[in-house]
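J.: Next comes the sequence, and after it the predicted model I'd like to discuss.
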Amino acid sequence: MNRPIQFNNHPFRFLLYLEWLLLGFSALMALMPSPSPRFSVMYPELTICSLTFFGLMGLRLPTYNKINKFIYTTIEVILILITGFFGGRSARLFPFLYLILVTRSCLIFPLPGRLAVTLSSFILFLLTLRQRMPPGRFSPIAQERFWFFSFSLAVLFGLSLVFVLVLMNTVLSERQSRDKLQAANEKLRQYALKIESQATLEERNRIAREIHDSLGHSLTALNLQLETALKLSKHDIPRAMTFLATAKELGSKALQDVRQSVSSMRSHPLQEQSLAQAIQNLAADFQRSTGILPSCQISIISPLSMEVSTPIYRVIQESLTNISKYAQATEVQLELTTTLETVKLTIQDNGRGFDLEQNTTGFGLQSMRDRTLALGGEFHIHSSHNHGCQIIVDIPCL
């Protein structure tokens, strides 16, 4: 309730129509002839023009510049005073104009300004009521009746002002809450679209990593076998046929890898086994393909969540694939330890290594780095020519 609603035009049309109805009734009272000269309208044209202009001011409410707000409210007060002074019998309806003034102030001022306008309206009402006292002396009974009537009217009008102020504050608060809720829903919708787009991108990257991890090695070896067979086909057909047979086996293996990749995309790789069992299976597969049995030291004090265990499994899988492709290693050490706060994975080989400044942008290394960073972890590589390679992954427990 401390900030005004930012609208250029009147935000509540039904309220504007009610204002016009009251002003029209006041104008009608000004045009009707009065049997008493005391209540006759001195300048009906001025009264009607004032009421008309006062009603048209409701079509455009200032809500930005403080000076414009003050000038706008001052003009309204002047028009009310003109109507009350020259309106004759219609001046009896002027409390309605003050109610309209308070209503509009709620639409253009924050709470302190609304209270100031409400208090000013009540003071002006009391001054106008005081000027209505007829000249001459009253009898004690008449004087008592007059003051009782004035006091009752003042209390009733004050309560009406408070009611209008509280009602408008409540309506504006409800409208602000609804606008904030609508804005929050729009932000939530935009965020959902962003998350959906991000999820689609991550799924594409995941599929790319799956294809690279499972199919890349087989197709690379198949291409090498076919190139060698093509070179030998001109002068050593028996050896070429041997390479072709190997290529056929690799083709069959690649087809099997494609089927396994499709199956792994449909089901989780660790759905039916623990992380330790999955690592042991990777080590057994690595031994069958290279003849090297990795030395595995696994210490998991508590089961890891799927959000952590799956990236670790993929990092180990990619590391062993790279070692079998490029490292020419004879020893591989794998150590996985967990604490209550972190998960640490170390994979080291004694292969030929590589230059970190020239070979750190491969898809395999990048996928391992992405998987680690996505969990808020740290990914480090230590390698040099003829000194093997060491991969260290630190991931906080989720």
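T.: That came through fine. Numbering: from 1, shown residues only.
J.: after the longest helix seen in the chain, next one along is what?
T.: Criterion DSSP state H: the longest helix present in the chain is helix 140-232. Next helix or strand after helix 140-232 toward the C-terminus (DSSP states H and E): helix 237-266.
J.: thinking again about what came up before, now for the longest helix of the chain, which elements pack on it?
T.: The contact analysis (3 or more Cβ pairs under 8 Å, 6 or more residues apart in numbering; DSSP states H and E) places helix 140-232 against helix 94-108, helix 111-131, helix 237-266, helix 306-322, helix 363-374. C-beta coordinates here come from the backbone N, C-alpha and C atoms, glycine included.
J.: For that helix, what is the distance to the chain centroid?
T.: Offset of helix 140-232 from its chain centre (Cα atoms, centre = their mean, to the nearest Å): 5 Å.
J.: now swap in stretch 242-255 and tell me
T.: Stretch 242-255 sits 53 Å away from the centroid of its parent chain (Cα atoms, centre = their mean).
J.: which other residues reach that stretch?
T.: Stretch 242-255 has contacts (Cβ atoms under 8 Å, 6 or more residues apart in numbering) with 215, 218, 219, 221, 222, 225, 226, 228, 229, 232.
J.: repeat that with 6 Å
T.: Contact with stretch 242-255 is made by 218, 219, 221, 222, 225, 226, 228, 229, as judged by Cβ atoms under 6 Å, 6 or more residues apart in numbering.
J.: any idea of the pLDDT on the first one?
T.: It refers to residue 218. What the model reports as pLDDT for residue 218 is 68.
J.: For residue 160, which of the helices and strands packed on helix 140-232 is the nearest?
T.: Smallest distance to residue 160 across the helices and strands packed on helix 140-232 (Cβ to Cβ): 6.4 Å, for helix 94-108.
J.: Now do that closest one: which elements does it pack against?
T.: helix 66-86, helix 111-131, helix 140-232 (3 or more Cβ pairs under 6 Å, 6 or more residues apart in numbering; DSSP states H and E).
J.: Just put those in JSON lines and tack on mean neighbour count and distance to residue 45.
T.: Converted to JSON lines, the helices and strands packed on helix 94-108 look like this (neighbours: other Cβ atoms under 10 Å; distance: least, Cβ to Cβ, whole Å):
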{"stretch": "helix 66-86", "mean neighbour count": "17", "distance to residue 45": "10"}
{"stretch": "helix 111-131", "mean neighbour count": "16", "distance to residue 45": "22"}
{"stretch": "helix 140-232", "mean neighbour count": "13", "distance to residue 45": "28"}
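J.: neighbours around residue 340, how many?
T.: Using other Cβ atoms under 10 Å, the number of residues around residue 340 comes to 7.
J.: Pull stretch 379-396 out as CSV, backbone CA atoms only.
T.: Extracted in CSV, the C-alpha atoms of stretch 379-396 (Å, rounded to 0.1, in the frame of the first residue of the first chain):
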residue,chain,number,x,y,z
PHE,A,379,38.7,-31.3,-13.0
HIS,A,380,42.5,-31.5,-13.3
ILE,A,381,44.9,-33.2,-15.8
HIS,A,382,48.6,-33.8,-15.3
SER,A,383,50.5,-35.2,-18.2
SER,A,384,53.7,-34.8,-20.2
HIS,A,385,55.5,-36.8,-22.9
ASN,A,386,56.6,-40.3,-21.8
HIS,A,387,55.4,-39.7,-18.2
GLY,A,388,51.9,-41.0,-18.4
CYS,A,389,48.7,-39.1,-17.5
GLN,A,390,46.9,-38.4,-14.3
ILE,A,391,43.2,-37.3,-14.1
ILE,A,392,41.9,-36.0,-10.8
VAL,A,393,38.2,-35.3,-10.2
ASP,A,394,36.8,-33.7,-7.0
ILE,A,395,33.0,-33.5,-6.8
PRO,A,396,31.0,-32.3,-3.7
